[in-house]
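# Take a look and give me a structure for this.
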Amino acid sequence: MGLTKKLLAATAIVLALGSAASAKTFVFCSEGSPEGFDPGLYTAGTTFDASAHPVYNRLAEFKKGTTETEPGLAESWEVSPDGLQYTFKLRSGVKFHSNANFTPTRDMNADDVVFSFDRQGNAQNPWHQYVSGASWEYYASMSMPEVVKSIEKVDDMTVRFTLNTPYAPFIANVAMPFASIVSKEYADKLAESGSQAQFNQAPIGTGPFQFVAYQPDAVIRYQAFADYWGGKQPIDDLVFAITKEASVRQQRLAAGECHLMAYPNPADVPSLQQNADLKVDEQEGLNIGFLAYNTKQAPFDKPEVRKALNMAIDKDAIISAVYQGAGTKAVAPIPPTMWSYNAQLKDDAYDPEAAKKALEAAGVKDLSMKIWAMPVSRPYNPNAARMAELIQSDFAKVGVKAEIVTYEWGEYLERSKAEDRDGAVLLGWTGDNGDPDNFLAVLLGCDAVGGANRAQWCNQDFNKLIQDAKAKPTQDERAKLYEQAQVIFKDQAPWATIAHSVVYVPMRKNVTGFVQSPLGDYTFDGVDITE
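This next block holds a predicted model:
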């Protein structure tokens with residue numbers, strides 16, 4: 001189907017969804033399809049936007065527009081003096097959604113909380129492998145299986161987590177999408193009928209919107225949940241109009257076919273800002289775009305080879321061509337706006353001649369490799385295909401032949417986790433909880449190899465520092481260890497750190513209540529459309 005036909009088909013669906021005269025329909029032009037609807041299984045923001053945020057809640061939530069936590073499904077919690085026990089008092093009267101095959105018979109309780117976490121960390125739980133290849137990537141990457149000793153139902157409305165060691169980011173972690181609370185009753189019903197896969201396809205949560213239907217690569221429909229514990233939403237229907245091309249998202253926004261769009265092309269931002277029918281929110285992104293070498297594969301297992309390739313990359317050209325100036329060169333693996341950022345680090349200089357000599361000194365000749373380019377726009381990389389072309393050209397200048405490969409987004413994310421993956425992968429990250437651990441451990445820790453650690457890099461000195469930092473009681477103590485860890489990272493160069501970006505969110509002028517998140521989320525509770 002051609003682009004115009006796809007656009008017309010998607011528009012027809014949206015119009016049909018919003019045809020009821022009394023319904024207020026909000027259309028979000030999203031950038032890609034979710035991998036599934038069970039957020040515990042994934043790490044991608046595209047998937048979280050379509051699952052965790054509209055459909056589910058967590059024990060704690062992030063206050064809108066901040067990285068501060070506040071009560072969610074837990075109305076309060078207590079931490080033991082030794083930092084090893086977290087006791088959550090659950091909110092009463094919280095209702096679950098229903099669908100054609102399931103009607104809940106009870107409110108959310110401790111059984112749901114215990115089930116939501118146990119299935120991720122307990123290999124004996126029958127739901128641990130309910131989908132093929134389930135790795136619970138986020139839970140594992142954050143060392144939760146090693147940290148959490150037990151999860152106990154104290155009574156119907158009280159849950160206690162006992163930890164093996166103090167863990168400073170724990171409350172921030174349970175506010176993250178992977179920690180969404182799911183319905184054990186729904187899981188039990190699906191297990192009885194042998195329909196477990198529906199758990200990831202027809203989600204049931206407690207969130208502000210309940211899932212209605214999904215047409216892959218076209219549209220997702222949600223309906224405001226009338227019994228939501230936080231109150232019914234101002235909009236009645238929420239529609240994700242999946243529109244992969246940024247230029248088409250912009251056309252649809254300008255034409256009034258959607259109310260808000262994700263990830264505009266940086267070059268198009270000035271015209272969006274000048275459109276009298278639109279407004280554009282912006283903020284420095286808590287993000288990083290990078291090129292991750294597979295450090296388990298020769299010759300990328302040698303730090304001197306990785307550092308040589310880094311010297312071949314012209315970041316200034318990338319900032320100009322890909323980010324259109326709306327970005328800054330990345331030096332460290334965390335953004336400069338995050339506490340513990342090591343401002344003393346020096347970046348690899350752009351020096352093709354030195355890169356050539358360093359490759360020769362490392363015994364590397366006639367190197368051929370692959371550069372993986374993402375098929376979607378992300379806040380940390382608005383145009384991975386263009387970036388890959390620029391890096392390919394840079395590498396050619398130092399005698400390295402690079403082939404660019406790409407896959408559908410879900411397949412890209414899955415394939416790039418493989419420990420025997422060839423070449424280097426373009427990817428990036430937007431922080432999910434405002435803590436350095438969410439970058440350094442999730443993306444570079446030993447527990448994350450084969451998962452979110454696309455460099456497959458396990459450095460024991462680095463890993464000890466980040467693990468020790470989790471157990472320190474003060475931010476100053478933690479920051480010192482993270483600063484040391486960044487020195488090791490820069491010396492070993494498992495990535496080429498590319499850029500941090502400014503994030504723009506264009507929307508129609510009549511949209512109210514949308515709050516841009518420093519965590520890069522698109523959430524629509526509290527959003528309305530004025531006449």
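# and the longest strand for the chain?
When the chain is scanned for its longest strand (criterion: DSSP state E), the result is strand 495-508.
# So which elements touch that one?
helix 246-254, strand 260-261, helix 269-274, strand 278-284, strand 287-293, helix 303-312, helix 315-321, strand 327-329 (3 or more CB pairs under 8 Å, 6 or more residues apart in numbering; DSSP states H and E). From N, CA and C alone the C-beta is placed, and that goes for glycine too.
# Ok, which of those comes nearest Ser377?
Proximity to Ser377 (CB to CB) singles out helix 246-254 among those, at 5.2 Å.
# What mean pLDDT does the closest one get?
Average pLDDT, helix 246-254: 97.
# now the longest strand of the chain and strand 287-293, what's the angle there?
140 degrees (axes from the mean of the first three to the mean of the last three CA atoms, to 10 degrees).
# so where do the strands sit in the stretch 51-200 of the chain?
60-62, 69-71, 74-79, 85-90, 148-155, 158-163 (DSSP state E, counting those that start in this stretch).
# so what strands line up beside the third one?
Read that as strand 74-79. strand 85-90 (antiparallel) (DSSP bridges).
# Kindly report the same for the fifth one.
Based on DSSP bridges, the pairing partners of strand 148-155 within the sheet are strand 158-163 (antiparallel).
# For the partner strand, output the C-alpha coordinates as CSV.
Coordinates of each C-alpha in strand 158-163 appear next as CSV, following Å, rounded to 0.1, in the frame of the first residue of the first chain:
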residue,chain,number,x,y,z
THR,A,158,-0.2,-4.6,52.4
VAL,A,159,2.9,-5.8,50.6
ARG,A,160,6.4,-6.0,52.0
PHE,A,161,9.6,-6.2,49.9
THR,A,162,12.6,-7.5,51.7
LEU,A,163,16.0,-6.8,50.0
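# Buried ones in that strand, by neighbour count?
Using 16 or more other CB atoms under 10 Å as the test for burial, strand 158-163 gives 158-161, 163.
# just how off-centre is that strand within its chain?
26 Å (CA atoms, centre = their mean, to the nearest Å).
# got a list of contacts for it?
Contact with strand 158-163 is made by 74, 83-90, 110, 113-114, 117, 147-154, 170, as judged by CB atoms under 8 Å, 6 or more residues apart in numbering.
# Among these, name the buried ones.
74, 85-90, 110, 113-114, 117, 147-148, 151, 170.
# quick one: which of these is nearest to Asp188?
Val114 (13.2 Å).
# Retrieve the pLDDT associated with that closest one.
Value listed for Val114 in the pLDDT field: 98.
# Low-confidence ranges, the stretch 301-450 of the chain, go.
Within the stretch 301-450 of the chain, no stretch has pLDDT under 70.
# Could I get the full set of strands for it?
Assigned by DSSP E, counting those that start in this stretch, the stretch 301-450 of the chain shows strands spanning 327-329, 368-372, 401-405, 424-430.
# Please identify the buried residues of the second one?
What it means is strand 368-372. 369-372.
# Please apply the same query to the first one.
Buried residues in strand 327-329, defined by neighbour count with 16+ other CB under 10 Å: 327-328.
# Summarise which helices and strands that strand is packed against.
Helices and strands touching strand 327-329, by 3+ CB pairs under 8 Å, 6+ apart, are helix 315-321, strand 495-508.
# Need the buried residues of strand 368-372 in TSV (columns: distance to Asp420).
Conversion of the buried residues of strand 368-372 to TSV gives the following (distance: CB to CB, whole Å):
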residue	distance to Asp420
Met369	14
Lys370	13
Ile371	17
Trp372	14
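# Go through those residues and say which is closest to Phe211.
Using CB to CB, these come closest to Phe211 at Trp372, 31.3 Å.
# For the closest one, which residues are in contact?
Trp372 sits in contact with 388, 404-406, 412, 416, 423-426, where contact means CB under 8 Å, 6+ apart.
# Ser193: which of those is nearest?
Tyr412 (33.1 Å).
# how far away is that closest one from Asn275?
Tyr412 sits 32 Å away from Asn275, going by CB to CB, to the nearest Å.
# Have a look at these two and say which one is more surrounded.
Tyr412 (22 against 16; other CB atoms under 10 Å).
# Assess the claim that the more buried one and Pro375 are in contact.
Yes: using CB atoms under 8 Å, Tyr412 is in contact with Pro375, at 6.3 Å.
# quick one: contacts for Phe102?
So Phe102 contacts 186, 189-190, 204 (CB under 8 Å, 6+ apart).
# if you set the cut-off to 7 Å instead, what comes out?
186, 189, 204 (CB atoms under 7 Å, 6 or more residues apart in numbering).
# OK, contacts around Phe28?
239-241, 258-260, 522, 524.
# Would it be right to say that it lies in a strand?
Yes: under DSSP: H, G, I helix; E, B strand; the rest coil, Phe28 sits within a strand.
# how far away is it from Ser193?
Phe28 is 33 Å from Ser193, by CB to CB.
# Residue ranges in the stretch 1-150 of the chain under the pLDDT threshold?
Using pLDDT under 70, the flagged stretches of the stretch 1-150 of the chain are 1-22.
# just so I have it, where are all the helices in it?
Along the stretch 1-150 of the chain, counting by DSSP state H, counting those that start in this stretch, helices occupy 3-17, 45-50, 52-55, 110-121, 137-141, 144-147.
# contacts for the second one?
What that stands for is helix 45-50. The contact list for helix 45-50 (CB under 7 Å, 6+ apart) reads 30-32, 34-37, 39, 177, 220, 240, 376, 409, 430, 520-522.
# and it, how far out from the chain's middle?
With CA atoms, centre = their mean, you get 7 Å for helix 45-50.
# Now it: buried residues?
45-50.
# For Asp528, state which of these is nearest.
Asp49 (18.9 Å).
# ok, Lys357 - how many residues close by?
There are 14 residues near Lys357, going by other CB under 10 Å.
# contacting residues for the residue nearest to Ser141 when sequence neighbours are not counted?
Once flanking residues are discounted, Ser141 sits nearest to Ala448: 3.8 Å by CB to CB, 6 or more residues apart in numbering. By CB under 7 Å, 6+ apart, the residues touching Ala448 are 141, 441-442.
# switch the cut-off to 10 Å
43, 137-138, 140-143, 417, 440-442, 454-458, 463 (CB atoms under 10 Å, 6 or more residues apart in numbering).
# Got a quick PyMOL command for the buried subset of the residues you listed?
In PyMOL syntax, the buried subset of these is picked out as below (16+ other CB under 10 Å):
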select buried, resi 43+137+138+140+141+142+143+417+440+441+442+454+455+456+457+458+463
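# any idea how far Val505 lies from Thr103?
From Val505 to Thr103 the distance is 37 Å (CB to CB).
# Sorry, wrong one. I was asking about Asp111.
Counting by CB to CB, the gap from Asp111 to Thr103 is 17 Å.
# neighbour-wise, which of the two wins?
Counted by other CB under 10 Å, Asp111 and Thr103 do not tie: Asp111 has more neighbours, with 16 against 12.
# Nearest residue to that one in space, please, no chain neighbours.
Lys184 (4.9 Å).
# How about Ala308?
Ala358 (3.6 Å).
# what's the answer for Glu403, then?
Here the residue nearest Glu403, using CB to CB, 6+ apart, is Lys370, at 5.1 Å.
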